[in-house]
Every structure is written in structure tokens, then in C-alpha cells.
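J.: Sequence and predicted structure, then a few things I'm wondering about:
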Amino acid sequence: MEIRGLARLICDHPLFAGMSQDYCDLIGGCARNVRFDRGEYLFREGEPANEFFLIRHGRVALELMAPGRGPIRFLTVNPGEFAGVSWLVPPYRWPYDAQALELTRAVSIDGSCLRQKAETNHDFGYDMMKRFMTTLVHRLHAAQLQILDVYSARG
Amino acid sequence: MFIAPVAETASVPIVARIGARRRETHDTWTLAIEAAEFSFEPGQFNMLYAFGVGEIPVSLSGDPGLQGPLIHTVRAVGSASQAITRLKPGDPIGLRGPFGTAWPVGDSTGCDVVVVAGGLGLAPLRPAIYRFLAEREKYGQVVLLYGTRSPADILFRREIDRWRRRLDATIEVTVDHADAGWHGHVGVVTRLIERAAFDPDHTVALVCGPEIMMRFAANTLKAVGIAPQRIYLSLERNMKCAIGQCGHCQFGPTLICRDGAVMRYDHVQSLLTVREL
């Protein structure tokens, strides 16, 4: 029952829009509901990256600590988006922090569980990979714009 | 689209005086210029002349519905703009204008309106925002999406707060990077377009900012379903005479000072990717 409820939340998330119920059920088997209070960290730089988070409510800031400057925020993740891609590739470590900016509810999905299912069922794995690639490419393009610093005086 | 007639005296500046000045960010100032009675359309610009230094085009950033001084927001980046931002109340300044085409404020009646601003691009859009909000009942959704570099670079901060409190418009601000004191959005402005609520079939979009940002914004607006003929950009080139005579601001078959600065995206879309322009 719990897995079915989670599978429905997963199917409703834009990342998995249009995904077959079977696949949503597969992901649901690796999922759990989580909640973070304002200021609480979803993950910290250097820790093992064992999961990712489908954000349902709230907002999460991705940030890097800079000596003498404190945390620098480079992206906020909103409901309908997800936080965490480092579970996809070795060494499965977080390269930055993720902090809840307000009370945040999310579905946490176990990366190692999902990788195992993707290895066993390549059709499922390919579907997953296409979905993640779309967001990753969009984020890459956005990051390129941020790096270009187009709003600077010479922009 | 409104195209201003060129007055016979358009090539000769009048001498006006600086009234008030206000610092917006570390390098950007808003100047109130006292001049004779003067009317303009949202999106138009004046040529401002720092005597002995040089002349530059600067968009009007005040409310066209109000009488009073002419409001311009200037970023100190070159010798002329630095000289202009150093002027004190009472100092003389040369002024020609207004020039150029206008944002389609009247033509947007009955539509949803999405205003996408990047950095200093909020200044040329502000007159249009004033009009949309002043006659709020004439429009559907009114959405302002503003992206800038960091929280310290946000223009018209108090005014943005005021607009947010109205509750009848969607005002979203995002920055490229921020420290822990910022609790708003971080990321590029195009991400806000994807999340905004409007009916793309009945939306007019106004975009102003650095040209790279405008290209990406226009692509995203198209991707969410807004037709190119309902997307307007404000372009910038090397404007000198402002009356279509010198050719410095030539952009393919158009002159930005005469045919722009506000132009329809479907008219310039192919030109925006021509590297030589």
C-alpha cells in the first residue's frame, strides 16, 4: 500500500510524466517519503550520494562553501523538480550541499536500488536515463549562461 | 507599432538640468532630468549628452503617465555614462529625443502579458510595467520575470517589493548566484518562464536584457507556445545620430534607432544568429 502511494506520487512528478505504471511501481520500491525543516540539509558535500529527491513542496538551495565567503548558492530547486544527480555516476559523492530554504517535502529514491533495477531491466534504465539527460542538458545550458556572466558591465 | 515622428530639431540637443539622482546599485544611477513638457511612449529612448565627453542612448525608465522630470537609469560603464552618472543636481546635460519604437502596451489589451527582464534591461521595461499595472483591468495575467547577477544587483528593489504586495501580478526575481542571506530563486531567468502561469495562445511577451539572454528567453517563450510575432525584444547597437541618418546602428536591413529599439521577434529572429551583425 505504501509503495503504491509512493508510485502514484512518482508518476505525478514531472520528471516521470507519462511513465508506465509498471516503471513507477519499480521506482516506488526504492522510494520513501522525507521531510526537511527550514535550514536542514538534504545532503552535504563529500558525503556518499545514495539517493535523489523529487521535490513535492518547499524549496531547496544548492550551494558550495567558499572560504571567507560562506555558502554560495548557485541553484534553487522548486516543487516539480529534483535535487541530486551524483548517485548516477561513480564515485557517488555529493559535490555540493543541498539545504531546505523552507519546510520541504520530497520523495527520496535510493540510487543504488534504482541502479540495480536499471541494470536488470535495460528498457527501464534507458527510459530513466533519457529523463535525467533532458534535465541535465537544460541545467548544463543554464550553467553555461551563468558562467558567461551576461549581466556584467561587459555583457 | 508606434513609431515616433522625427522632429526637425531632433539632431540638436536641448540643455536640461539634473534634478534628483539616486544610486540603484554599485554602478547604476537613476537620474531625474528637468526639461520642458515632454511626452514619450514606454520603450523609447533619449540621447543624453555629457558636455565635452560624449553622447549615449538611454531608455526612459519613468512612468509615461506622470508629468514631471524625465527619468533615466544609467549604468556607469564607459566614459560618457560615467560622466553622466557623476552629474550633480543643477548640472546641465544635453538631451535629444524621444526616439525609437515602443512596447506594444495598448496592443496587448485583453492578453496575458509576460515581461522578461535581464539585468539593466528592467529599466527600459519599467515604463511598460507602470502602464500595465496602472490599467490592470485591461489585461489578463501580468507576469514580471526578472533575472540579474546577484541580490546586490537588483534594480528598483523597493518598487519590486511594492509590485509584489499588489497581489494582482506575478513578480518573480532570480539571481545567478547568492550568499546565504538570499532566500529567493537562484538560476537563470528562463527557468522562471517554464514555471509561470499564462495562456501562451493569448500572451504578449516583452523581453529586454543582454542579447544572449534575450535569445535564450525568446527560444523558451517559443517553446512554451508563444508565437514569435507576439514576442518583442529591445535591441541595442551602436546608436549615434538616433534619427536613421548615420548608419552606425545598422542591423541587417534595419536601423535600430529608427526601426527599433523595440522590435518584433519574428522580424529579427534570423538576424540574431548572424555573427557579422
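T.: Nice, I can see it. Residues are numbered from 1 along each chain as shown, chains lettered A, B, ... in the order given.
J.: What is the helix or strand of chain A with the lowest mean pLDDT packed up against?
T.: Within chain A, no helix or strand scores below helix A:2-12, which has a mean of 82 by mean pLDDT, DSSP states H and E. With contacts taken as 3 or more Cβ pairs under 8 Å, 6 or more residues apart in numbering or on different chains; DSSP states H and E, helix A:2-12 sits against helix A:21-28, strand A:31-36, strand A:51-57, strand A:104-110. C-beta: built from backbone N, CA, C; applies to glycine.
J.: want to try TSV for these, with distance to chain B and mean neighbour count as columns?
T.: Shown next, in TSV, are the helices and strands packed on helix A:2-12 (distance: least, Cβ to the nearest Cβ, whole Å; neighbours: other Cβ atoms under 10 Å in any protein chain shown):
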stretch	distance to chain B	mean neighbour count
helix A:21-28	23	19
strand A:31-36	15	16
strand A:51-57	12	21
strand A:104-110	13	22
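J.: Just send those back as JSON lines, with mean pLDDT and distance to A:Asp127 too.
T.: Formatted as JSON lines, the helices and strands packed on helix A:2-12 follow (pLDDT from 0 to 100; distance: least, Cβ to Cβ, whole Å):
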{"stretch": "helix A:21-28", "mean pLDDT": "94", "distance to A:Asp127": "6"}
{"stretch": "strand A:31-36", "mean pLDDT": "97", "distance to A:Asp127": "16"}
{"stretch": "strand A:51-57", "mean pLDDT": "97", "distance to A:Asp127": "16"}
{"stretch": "strand A:104-110", "mean pLDDT": "97", "distance to A:Asp127": "14"}
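J.: mind giving me CSV with the ones you listed and columns for distance to B:Leu31?
T.: Formatted as CSV, the helices and strands packed on helix A:2-12 follow (distance: least, Cβ to Cβ, whole Å):
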stretch, distance to B:Leu31
helix A:21-28, 57
strand A:31-36, 46
strand A:51-57, 43
strand A:104-110, 44
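J.: Go through the least confident helix or strand of chain A and flag the buried ones.
T.: A:Ile3, A:Leu6, A:Ala7, A:Leu9, A:Ile10, A:Cys11 (16 or more other Cβ atoms under 10 Å in any protein chain shown).
J.: mind saving the C-alpha coords of that helix as CSV?
T.: The C-alpha trace of helix A:2-12 is given here as CSV (Å, rounded to 0.1, in the frame of the first residue of the first chain):
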residue,chain,number,x,y,z
GLU,A,2,2.8,2.4,1.0
ILE,A,3,4.7,1.5,-2.3
ARG,A,4,1.6,2.1,-4.3
GLY,A,5,1.0,5.5,-2.7
LEU,A,6,4.7,6.4,-3.5
ALA,A,7,4.3,5.1,-7.0
ARG,A,8,1.4,7.5,-7.5
LEU,A,9,3.5,10.4,-6.2
ILE,A,10,6.3,9.4,-8.5
CYS,A,11,4.1,9.1,-11.6
ASP,A,12,2.6,12.6,-10.8
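J.: so where's chain A shaky on pLDDT?
T.: A:1-4, A:153-155 (pLDDT under 70).
J.: longest single helix anywhere in it?
T.: If you go by DSSP state H, chain A has its longest helix at helix A:122-148.
J.: by contact count, what packs against it?
T.: helix A:21-28, strand A:70-77, helix A:111-120, helix B:189-195, helix B:211-223.
J.: need those in CSV with distance to A:Gly39, can you?
T.: Compiled in CSV, the helices and strands packed on helix A:122-148 are given as follows (distance: least, Cβ to Cβ, whole Å):
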stretch, distance to A:Gly39
helix A:21-28, 29
strand A:70-77, 12
helix A:111-120, 25
helix B:189-195, 24
helix B:211-223, 32
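J.: and of those, who's closest to B:Ile56?
T.: helix B:211-223 (17.6 Å; Cβ to Cβ).
J.: can you tell me if the helix or strand just after the closest one touches chain A.
T.: Downstream of helix B:211-223, the first helix or strand assigned by DSSP states H and E is strand B:231-234. No - contact of strand B:231-234 with chain A (Cβ under 8 Å from any Cβ of the partner chain) is absent, the minimum separation being 14.5 Å.
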